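>>> here is a sequence together with a model predicted from it:
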Amino acid sequence: MKMMKKLLLTALILSLLLPATVFATDGETIKVKGYIFPETEQEYIDQTPYHFSITNVIDAVNGKENNLDTDATVIVDSPSEVTILEGGGVLFDVYKLHLIGENEYEYYYDETVPVEGKVKVYVPDESVGLDEWGSPTFVEKIIDASELDNYEVDFPVYQTGSKVVLTEPGDYFVLYRFEAIAGSASAFITVRDTDAEEEVVETVEEAEEPATEQDETENKVIATPTNSKVLVNGEEVEFEAYNINDNNYFKLRDLALVVSETEKSFEVGWDNENKVISLVSGQNYSPVGGELQKGDGAAKEGILNESKILKDGEELELTAYTINDNNYFKLRDIAQAFDIGITWDNSTKTIGIDTTIGYTAE
């Protein structure tokens with residue numbers, strides 16, 4: 001018996017790590033949580049424990065926030081361990097996937113990767129025998145997952161620390177069901193074929209045709225909307241901000257507008273002929289239109305901005321991306337340049353921009 005699972009392959013080529021409501025990064029390990037309904041309130045999601053972790057991750061996206069079929073989609077190096085963090089699940093299956101068409105996969109129920117660890121089962125207590133109605137009396141028993149085939153149980157209870165180790169290159173689907181059958185956490189995992197990639201690298205190195213100037217300079221990223229609340233001097237302000245490579249990027253002119261008429265104000269100028277962005281401290285910002293415009297909540301492509309950036313006539317080395325014809329700068333870079341205080345409240349997921357205090361590095 002086989003089941004077809006449709007997933008988006010494009011998620012696997014994104015080069016970024018995204019902060020998310022359903023998974024968190026910790027070095028090269030991510031933690032994944034699932035929840036039952038898409039409309040689940042954020043407060044409840046934040047309180048939900050993480051259900052399993054994945055190690056040796058080199059790239060990841062949040063499936064729920066990017067309209068995929070899983071809670072997380074990751075690329076890993078071998079060996080990668082998928083480990084249960086919140087025990088009590090009644091199903092912990094990791095399937096080897098087979099590509100059958102564009103973005104379509106199928107898997108077989110008997111093609112699961114073996115689970116290592118402990119599970120709780122309920123089995124007939126032979127020492128007691130049958131009860132007065134002729135039914136067996138069951139007793140709780142903890143066994144190794146490898147022994148499950150020796151028992152007739154519908155729903156074993158997987159314990160914290162049980163894991164699956166992925167060593168073979170390929171695509172895998174993880175399904176961990178908790179709360180009986182109602183809720184689940186899932187992940188799409190690609191184990192990278194390092195041998196094949198080494199062959200590609202060698203081929204590229206041996207190629208005689210040099211890379212074009214565009215290949216050398218073009219640098220594109222996927223920018224995902226920042227969902228955090230933002231307070232400017234204690235007042236909530238809605239920005240169209242994005243997360244790129246785990247950093248928050250804000251529209252330069254939006255930042256200039258919200259700190260204007262404070263002691264940290266700065267003006268923004270543009271020299272189109274010489275492609276120079278000029279920042280002048282101590283001057284109030286002159287709006288050009290479109291500031292603080294609300295975004296559509298969708299991910300965008302960002303292109304590395306190679307314009308020269310001057311602050312009070314001195315060149316600054318800042319990373320900026322052009323998104324929809326607007327320049328987005330790392331929030332902390334601009335804050336450091338103009339000594340603007342930045343705070344982060346993890347409990348409420350709130351970014352604070354405070355012109356009454358100085359900048360402090362993370």
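Yep, that arrived. Residues are numbered from 1 along each chain as shown.

>>> which residue ranges of the stretch 101-250 of the chain form strands?
Taking DSSP state E, counting those that start in this stretch, the strands of the stretch 101-250 of the chain run over residues 104-108, 118-124, 138-144, 157-158, 163-166, 170-178, 183-191, 220-225, 229-232, 235-236, 242-244, 247-251.

>>> worst mean pLDDT among those?
Ranked by mean pLDDT, those end with strand 104-108 at the bottom, a mean of 78.

>>> quick one: distance of that strand to the chain centre.
Centre-to-centre, strand 104-108 and its host chain are 24 Å apart (C-alpha atoms, centre = their mean, to the nearest Å).

>>> run me through the strand neighbours of it, direction for each.
Strand 104-108 sits in its sheet next to strand 2-6 (antiparallel), strand 98-101 (antiparallel), going by DSSP bridges.

>>> alpha carbons only: can I get it in PDB?
Taking C-alpha atoms only, strand 104-108 is exported to PDB below (Å, rounded to 0.1, in the frame of the first residue of the first chain):
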ATOM      1  CA  GLU A 104       5.200  15.100  -6.100                       C
ATOM      2  CA  TYR A 105       6.400  12.200  -3.900                       C
ATOM      3  CA  GLU A 106       5.100   8.900  -2.800                       C
ATOM      4  CA  TYR A 107       6.100   6.700   0.200                       C
ATOM      5  CA  TYR A 108       5.400   3.200   1.400                       C
END
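
>>> and that strand with strand 170-178, angle?
70 degrees (axes from the mean of the first three to the mean of the last three C-alpha atoms, to 10 degrees).

>>> so which bits of strand 104-108 are buried?
105-107 (16 or more other C-beta atoms under 10 Å). All C-beta spots, glycine's among them, are computed from the backbone N, C-alpha and C.

>>> just stretch 174-187 next, same as before
174-178, 183-187.

>>> now distance to Gly341 too, for these, in TSV please.
Putting the buried residues of stretch 174-187 into TSV (distance: C-beta to C-beta, whole Å) gives the following:
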residue	distance to Gly341
Val174	42
Leu175	45
Tyr176	42
Arg177	45
Phe178	41
Gly183	41
Ser184	42
Ala185	38
Ser186	40
Ala187	38
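
>>> which among the residues you listed gets closest to Ile303?
Ala187 (30.2 Å; C-beta to C-beta).

>>> list the contacts for Asp171?
The contact partners of Asp171, taken as C-beta atoms under 8 Å, 6 or more residues apart in numbering, are 96-97, 99, 105, 188-191.

>>> doesn't Gln336 fall inside a helix?
Yes. With DSSP: H, G, I helix; E, B strand; the rest coil as the criterion, Gln336 is assigned to a helix.

>>> residues near it, how many?
Neighbours of Gln336 under the rule other C-beta atoms under 10 Å: 17.
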